[in-house]
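>>> Sequence and predicted structure, then a few things I'm wondering about:
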Amino acid sequence: MGGDDVVLEVRRISKQYGGLRPLRMEHLKVRRGESVAIVGVDLPAAQVLVDLLTGASVPDTGDIMVFGQPTEAIADGNAWFAFLDQFGILSARAVLLDALTVEQNLAVPFSLELNPIPEDVRAQLAMLASEVGLGSDVLSRPVSATTPDVRLRVRLARAVALRPHLLLAEHPNALAEAAVLSNFAADFRALVAARGLTSLTLTADESYAASVATRVLTLAQATGVLGEKRGWKDRLGRWGR
């Protein structure tokens, strides 16, 4: 498997997780710098797939290679944490601290000092907030007092804060109102492009998938076959270019 520019490759995996059928995927290859979206993976299955890709669990059958390394070959906890540092994960599973401000939540990956936040960290946070489309007016608000759109952007900022190589997104469009997704998708694309990230988005919404990815695949759950979605570029008008 693999190749110098292949970030991840999946071959003939299956994983039982309590759904109506196991998660199956015949073949997926994502190259460095690609933005790929997969439609047809519901939220529970998406979480299982992310756990498989990050080495938090292993497939019942099949192989997964990420960054040139088989996930089953991760030797111990220290090796796994080092491996995990290469990922950014945009997910509802990422815990936000509702009583703290947006700025304090953004600071968590950088420092344990949150009151006050060190000045050198503040400078990094201002740049990070700008990258994900968070205005300075929301930084001092408690997360609990913000909108779903702001909280989604905070999660995105946390996911990319430590400059991962691969960004995995679990149904991000389900975390905010439909009315704001066009702007979020544009900011997501800009961030991925500016940082040269590789991204994989899992979603049930074909239009959203087309708005954030340069390649859209559809998973046939019964067989695990991924098919490329033709004509997806036509949907970009709905979400903005």
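Received, thanks.

>>> Walk me through the domains of the protein.
Following automatic domain parsing, one finds the domains of the chain at 1-86+164-229, 93-163.

>>> Export those domains to a markdown table and append columns for mean pLDDT.
Below are the domains of the chain laid out as a markdown table (pLDDT from 0 to 100):
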| stretch | mean pLDDT |
| --- | --- |
| domain 1-86+164-229 | 95 |
| domain 93-163 | 96 |
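
>>> Now mean neighbour count too, for those domains, in TSV please.
From N, CA and C alone the C-beta is placed, and that goes for glycine too. Shown next, in TSV, are the domains of the chain (neighbours: other CB atoms under 10 Å):
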stretch	mean neighbour count
domain 1-86+164-229	18
domain 93-163	16
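
>>> Once you drop chain neighbours, what's closest to residue 214?
Closest residue to residue 214 apart from its sequence neighbours, by CB to CB, 6 or more residues apart in numbering: residue 35 at 4.9 Å.

>>> you'd agree the one you found is up against residue 191?
No. Assessed by CB atoms under 8 Å, residue 35 is found out of contact with residue 191, at 10.8 Å.

>>> Tell me the backbone dihedrals of the residue with the largest distance to the centre of the chain, please.
Most distant residue from the mean C-alpha position of the chain: residue 116, 29.6 Å away (CA atoms, centre = their mean). Backbone geometry at residue 116, expressed as degrees, to the nearest 10, gives phi -90, psi 160.

>>> helix/strand/coil for residue 98?
coil (DSSP: H, G, I helix; E, B strand; the rest coil).

>>> The residue nearest to it when sequence neighbours are not counted and residue 102, how far apart?
Nearest residue to residue 98 in three dimensions, chain neighbours excluded: residue 144, at 3.9 Å (CB to CB, 6+ apart). From residue 144 across to residue 102, the span is 10 Å (CB to CB, to the nearest Å).

>>> What of residue 155?
Between residue 155 and residue 102 the computed distance is 11 Å (CB to CB).

>>> what do you get for residue 8?
As judged by CB to CB, residue 8 and residue 102 stand 31 Å apart.

>>> what's near enough to touch the residue nearest to residue 214?
Contact partners of residue 35, counting by CB atoms under 8 Å, 6 or more residues apart in numbering, are 189, 192, 198-199, 201, 212-215.
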